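S.K.: have a look at this fold, sequence not included:
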């Protein structure tokens, strides 16, 4: 082997060694300057619409550069939420994947309080207080309905009566609006206006009958007023004297 080939081989070896050394030093410096953070990932696949528990989650250390901006950093911020999509095992848990209590952006189902149900009733300009009722308000519900009463002579007497149906009822939505600032839309007759309320299951039955067979009205409450009052039903005949004078 000629001296030129030996020298060339030695030179290439030195250059290669120097390049590898410089690469390793630069890589070491870049690793030293990197910032690492904790992110929340799943321990198991979480189905859609599942309440998230602590055993479903864990935290891992990840290079900040590769962390999604909407990723959760603390397990406590996720526990108790409800998944809005299927989250695969090992995936970062993003804020778009989890709905917390009163998270109106995720839809009506996530706003309904636990142990309660959402029920929609039709309203108009009068029953909805000139459409000034808004999501987040508290209302009472009364119904005016025609009833029949058996008389001693066997005949049947019809009379109109107004009753309190429910008190301290939370307004979830007006039409399809969940946000307080939205209020009502489409009061121009293009569609039937509605209010969606949060009620307990047994109260839903009473409210459904009232809406189907009577005329309901909403009474707007002051947000600070949490009193429940006991009020007797009112009959139309009690407002009219026998001589016809009110």
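M.R.: Ah, there it is. This structure is a prediction, so every number in the text was calculated from the model and none was measured.
S.K.: from here on, just use CA atoms for contacts and neighbour counts.
M.R.: Will do.
S.K.: what's the longest strand in the chain?
M.R.: Ranked by residue count under DSSP state E, the longest strand found in the chain is strand 156-174.
S.K.: residue ranges with poor pLDDT in the chain?
M.R.: Residues of the chain that meet the criterion pLDDT under 70 lie in 1-4, 7, 21, 24-33, 154, 181-183, 185-191, 239-246.
S.K.: can you list the domain ranges for it.
M.R.: 36-100, 112-239 (automatic domain parsing).
S.K.: mind checking how far residue 217 is from residue 62?
M.R.: Separation of residue 217 from residue 62 (C-alpha to C-alpha, to the nearest Å): 56 Å.
S.K.: ok so, going back, and the longest strand of the chain, what other elements does it pack with?
M.R.: When contacts are defined as 3 or more C-alpha pairs under 8 Å, 6 or more residues apart in numbering; DSSP states H and E, strand 156-174 packs onto strand 138-150, strand 194-199, helix 201-213, strand 234-235.
S.K.: just tell me which of those ends up closest to residue 90.
M.R.: In terms of C-alpha to C-alpha, the element of the helices and strands packed on strand 156-174 nearest to residue 90 is strand 194-199, at 36.5 Å.
S.K.: for that closest one, packing partners?
M.R.: Against strand 194-199 (3+ C-alpha pairs under 8 Å, 6+ apart) you get strand 117-122, strand 156-174.
S.K.: among those, which comes closest to residue 192?
M.R.: strand 117-122 (7.1 Å).
S.K.: mind listing what the closest one pairs with, with the direction of each?
M.R.: Strand pairing for strand 117-122, determined by DSSP bridges: strand 194-199 (antiparallel).
S.K.: and the contacts of the partner strand?
M.R.: For strand 194-199, the surrounding residues in contact (C-alpha atoms under 8 Å, 6 or more residues apart in numbering) are 112-113, 116-124, 169-175.
S.K.: pull the contacting residues for residue 54.
M.R.: Residues near residue 54 by C-alpha under 8 Å, 6+ apart: 75-76, 79.
S.K.: save these as JSON lines, and put in neighbour count, secondary structure and distance to residue 163 too.
M.R.: Listed next are the contacts of residue 54 as JSON lines, based on neighbours: other C-alpha atoms under 10 Å; DSSP: H, G, I helix; E, B strand; the rest coil; distance: C-alpha to C-alpha, whole Å:
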{"residue": "75", "neighbour count": "19", "secondary structure": "helix", "distance to residue 163": "49"}
{"residue": "76", "neighbour count": "13", "secondary structure": "helix", "distance to residue 163": "46"}
{"residue": "79", "neighbour count": "17", "secondary structure": "coil", "distance to residue 163": "43"}
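S.K.: save the residues you listed as CSV, and put in distance to residue 85 too.
M.R.: Formatted as CSV, the contacts of residue 54 follow (distance: C-alpha to C-alpha, whole Å):
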residue, distance to residue 85
75, 18
76, 19
79, 15
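S.K.: ok, now how distant is residue 67 from residue 73?
M.R.: For residue 67, the distance to residue 73 equals 10 Å [C-alpha to C-alpha].
S.K.: which neighbours do these two share?
M.R.: The contact sets of residue 67 and residue 73 overlap at residue 39 (C-alpha under 8 Å, 6+ apart).
S.K.: about what we covered before: return the most buried member of the helices and strands packed on strand 156-174.
M.R.: Highest mean neighbour count among the helices and strands packed on strand 156-174 (mean count of other C-alpha atoms under 10 Å): strand 194-199, with a mean of 22.
S.K.: residue 67: what's it in contact with?
M.R.: Contacts of residue 67 by C-alpha under 8 Å, 6+ apart are residue 39.
S.K.: any idea how far residue 58 is from it?
M.R.: From residue 67 to residue 58 the distance is 15 Å (C-alpha to C-alpha).
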